[in-house]
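Novice: From the sequence below, what's the structure:
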Amino acid sequence: MATVRPIRVFVDTDVIISSLISDTGAAFALINSINEVELYISNFSVLELNKVVDRLHLQTTTPQQAINKHLNTVEIRQAYEKVQIEFADYVSDQDDSHIVAGAKAAKAFFLVSYNVRHFNAEKIKKDYDIVLLTPGMFLQYLRSLYT
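Specialist: Numbers count the residues shown, from 1 in each chain. Got it, this is the predicted structure:
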C-alpha cells in the first residue's frame, strides 16, 4: 500500500487567531484535528500572530505553544520591505505580501485565509500553483478526498 504524502497548507494568521478565539468552526478544526495536512506559517506570520494576540488580550494558549504543537514554520530570509515589493502584485494590501511569500517558501499546495479578497488568487495559482481557499472550503475539499 502506498503512503499518502500530507498536503502542504500555508495558513494565514487570521485563521490561527480564529482557532484561538473559538473552539467551534472551520479554523479550529483545521488547526487542531486534521492529520492529512502539514500546516505552515512563516517567521513573519509568527511576529504578526504575537502582535494580534497581545492587541486582542487573548487569554488562551500562548501562540508559541500553538505553533509548536500544530504548525511548521518556514523562514523567509528577505527583509520585510523586500517581500512587500516582490509580492506586491499578489495582494491588495502590502501587509499581506508575507503570506504569499510564506506559501511559496513552504512549497504549499494551498493557502488558507479568511481574507481571500486580499489576494490575487488567479495570479497566485498561475505563478506558484497554489490554490487560495477559506478554511471551510478547504475542509470541504478534504472531505471530498476521503469520503
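
Novice: all strands for this protein, in order.
Specialist: 7-11, 37-42, 72-74, 110-112, 131-133 (DSSP state E).

Novice: Looking at the longest one now, give me its mean pLDDT.
Specialist: The one in question is strand 37-42. Model confidence over strand 37-42, given as mean pLDDT, is 94.

Novice: ok, residues contacting stretch 115-125?
Specialist: Stretch 115-125 has contacts (C-beta atoms under 8 Å, 6 or more residues apart in numbering) with 12, 14, 89-93, 96, 99-100, 103, 111, 113, 130-134. C-betas here are computed from N, CA, C, even on glycine.

Novice: Can you show me the CA trace of it as PDB?
Specialist: Written as PDB, here are the backbone C-alpha positions of stretch 115-125 (Å, rounded to 0.1, in the frame of the first residue of the first chain):
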ATOM      1  CA  ASN A 115      -9.300  37.300   3.700                       C
ATOM      2  CA  VAL A 116      -9.500  35.800   0.200                       C
ATOM      3  CA  ARG A 117     -10.400  39.200  -1.300                       C
ATOM      4  CA  HIS A 118      -7.000  40.500  -0.200                       C
ATOM      5  CA  PHE A 119      -5.200  38.100  -2.600                       C
ATOM      6  CA  ASN A 120      -5.000  37.800  -6.300                       C
ATOM      7  CA  ALA A 121      -6.000  34.100  -6.400                       C
ATOM      8  CA  GLU A 122      -5.600  33.700 -10.200                       C
ATOM      9  CA  LYS A 123      -2.000  35.100 -10.200                       C
ATOM     10  CA  ILE A 124      -1.000  33.000  -7.200                       C
ATOM     11  CA  LYS A 125      -2.400  29.900  -8.900                       C
END
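
Novice: So for it, what gets flagged as buried?
Specialist: By neighbour count with 16 or more other C-beta atoms under 10 Å, stretch 115-125 contains the buried residues Asn115, His118, Phe119, Asn120, Ile124.

Novice: still on that earlier bit, make JSON lines out of the strands of the chain and add mean neighbour count and distance to Leu30.
Specialist: JSON lines is the format used below for those (neighbours: other C-beta atoms under 10 Å; distance: least, C-beta to C-beta, whole Å):
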{"stretch": "strand 7-11", "mean neighbour count": "24", "distance to Leu30": "7"}
{"stretch": "strand 37-42", "mean neighbour count": "22", "distance to Leu30": "8"}
{"stretch": "strand 72-74", "mean neighbour count": "16", "distance to Leu30": "14"}
{"stretch": "strand 110-112", "mean neighbour count": "25", "distance to Leu30": "7"}
{"stretch": "strand 131-133", "mean neighbour count": "20", "distance to Leu30": "10"}
